[in-house]
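[1] Quick check, what structure comes out for this input:
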Amino acid sequence: MSKYWTWFLLVICNLFWAGNYVFGKYVIVEVTPLWITFSRWTLALFFLFPIAHYIEKPIWKEAKKDWFLLFCMGVLGVVGYNIFLYSALGYTTPTNAALVSALNPGVLVISSIILYRERISILQTMGLLVSLIGALVVLTNGEIERLLQLQFNRGDLLMVGAVIIWTLYTLIARKIATPPITATAISTAIAVLLMAPFAYSQGIHTEKIGDLAIIGILYMVLFPSVGSFVFWNLSVQRIGVSKAGVFLNLIPVFTAIISGILGEKVTGAQGIGGLLVFFGVYLTTGMLEQSLNFKNIKEKEKMTDCKLVDSACCQEK
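    Okay, here's the model as predicted:
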C-alpha cells in the first residue's frame with residue numbers, strides 16, 4: 001500500500017470518527033454507553049471477519065501467538081475507549097470532547113519516541129504544532145484565550161481518560177504481528193464476549209429508542225467501527241504511530257464541518273483553523289521535505305552534468 005493511499009485512509013478514518021462524536025451526542029440520550037458500545041461492535045463483527053478473510057487471507061491459528069496483545073486491544077480500544085467517549089458525551093459537548101482529543105497526537109508522538117524510538121524531523125515537529133494550533137483555533141473560534149476559561153467537568157476528565165486509553169491501544173497495535181484487519185476483528189470479538197454479561201445484566205428498553213438513535217448506531221457500525229478501525233490499524237502499521245497520530249487533529253475540523261452542515265454556524269476563524277490543521281498534516285507527512293530533497297537532487301545532477309561537460313570541453317582543447 002502506497003503512502004499516499006495511507007494518508008487518504010487516515011483522512012477518511014478521522015472523518016468517520018468526527019461523525020461518531022456528533023451522532024454519539026444524540027444516541028447517548030436514549031441508549032447507555034455500554035449498550036452503544038456493545039451493539040455497534042456486535043454488528044460490526046458481521047463485517048470485520050469477512051473483510052479480514054477476503055483481504056488478508058490470514059492463518060487464524062497463528063493469531064494465538066498474539067492472544068494477550070489482542071486481548072489488550074479489545075479491552076482498551078473497543079471497550080475502554082468507547083465507553084469513556086460516550087460517557088463523556090453525556091456530560092460535555094462534542095466541541096469540548098473534540099478539544100480534549102486534540103491532545104492525542106502529542107501524546108502519541110511523545111509515547112512512540114520514548115517507547116519505539118521513532119524519529120520525526122524538525123518540519124514534522126512543526127507540522128504537529130501547527131495542526132494542534134489549528135485544532136484549537138477551530139474549537140475556540142479564534143479566541144485562544146478561552147482555553148484558560150474552560151471549566152473541565154466530569155465529561156472533560158473522562159475524555160482525558162479516553163485519550164490515554166487510545167494511546168495505549170495504538171502503541172499495542174503498532175507492535176502486534178497479526179495482520180491489522182484480522183487483529184481488529186479478533187480483538188472486537190474478545191471485547192464483545194467480555195461485554196455480553198454486563199450488557200445482559202444492565203438490560204435495554206428498546207421501546208424508548210427512536211429513529212435517530214437507530215440511524216446513529218448504524219452509522220457507528222459501518223463507518224467508525226468497521227471503516228475507521230480498519231483504516232487506522234492499516235495506517236499505523238504502514239507509517240508508524242507518530243505520523244499517523246497527527247492526523248487525529250483532523251477530528252475537530254471535521255466535527256465543525258459536520259456541525260455546520262447540521263445547522264450550526266462555521267465562522268471564518270474556524271475555516272482558518274481548518275486550513276492550519278491541513279497544512280500541519282501536510283508537513284507531518286513529509287511531502288514538503290521530499291519535494292525539497294527531490295529539488296536538491298535535481299540541482300546536484302545538473303551541476304554534475306555541467307562539470308562533465310566542462311571536463312569534456314577541456315579534453316578536446
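
[2] contacting residues for the spatially most central residue of the chain?
    For the chain, Leu248 is the residue whose C-alpha lies nearest the centre (Cα atoms, centre = their mean; 4.6 Å). Neighbouring residues of Leu248 by Cβ atoms under 8 Å, 6 or more residues apart in numbering: Asn14, Ser101, Ala102, Asn104, Pro105, Leu108. For every residue, glycine as well, the C-beta is placed using N, CA and C.

[3] what about 10 Å?
    10, 13-14, 17, 101-108, 131, 135, 163, 166, 170, 232, 281 (Cβ atoms under 10 Å, 6 or more residues apart in numbering).

[4] Under the pLDDT cut-off, which ranges of the stretch 1-150 of the chain? List them.
    1, 118, 138-141, 144, 146-150 (pLDDT under 70).

[5] Could I get the full set of helices for it?
    Remark: helices assigned in the stretch 1-150 of the chain by DSSP state H, counting those that start in this stretch are 3-27, 33-55, 67-73, 81-89, 94-101, 104-116, 122-140.

[6] export those helices to JSON lines and tack on mean neighbour count and distance to Pro252?
    As requested, these are exported to JSON lines (neighbours: other Cβ atoms under 10 Å; distance: least, Cβ to Cβ, whole Å):
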{"stretch": "helix 3-27", "mean neighbour count": "20", "distance to Pro252": "8"}
{"stretch": "helix 33-55", "mean neighbour count": "19", "distance to Pro252": "22"}
{"stretch": "helix 67-73", "mean neighbour count": "18", "distance to Pro252": "25"}
{"stretch": "helix 81-89", "mean neighbour count": "25", "distance to Pro252": "14"}
{"stretch": "helix 94-101", "mean neighbour count": "23", "distance to Pro252": "4"}
{"stretch": "helix 104-116", "mean neighbour count": "19", "distance to Pro252": "11"}
{"stretch": "helix 122-140", "mean neighbour count": "21", "distance to Pro252": "5"}
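
[7] what's the closest of those helices to Pro179?
    Proximity to Pro179, assessed across the helices of the stretch 1-150 of the chain by Cβ to Cβ, is greatest for helix 33-55 (7.3 Å).

[8] Double-check Thr188 against Ile51; I have them as touching.
    No. Using Cβ atoms under 10 Å, Thr188 makes no contact with Ile51, being 11.5 Å away.

[9] shared neighbours, these two?
    Counting by Cβ under 10 Å, 6+ apart, the residues touching both Thr188 and Ile51 are Val226.
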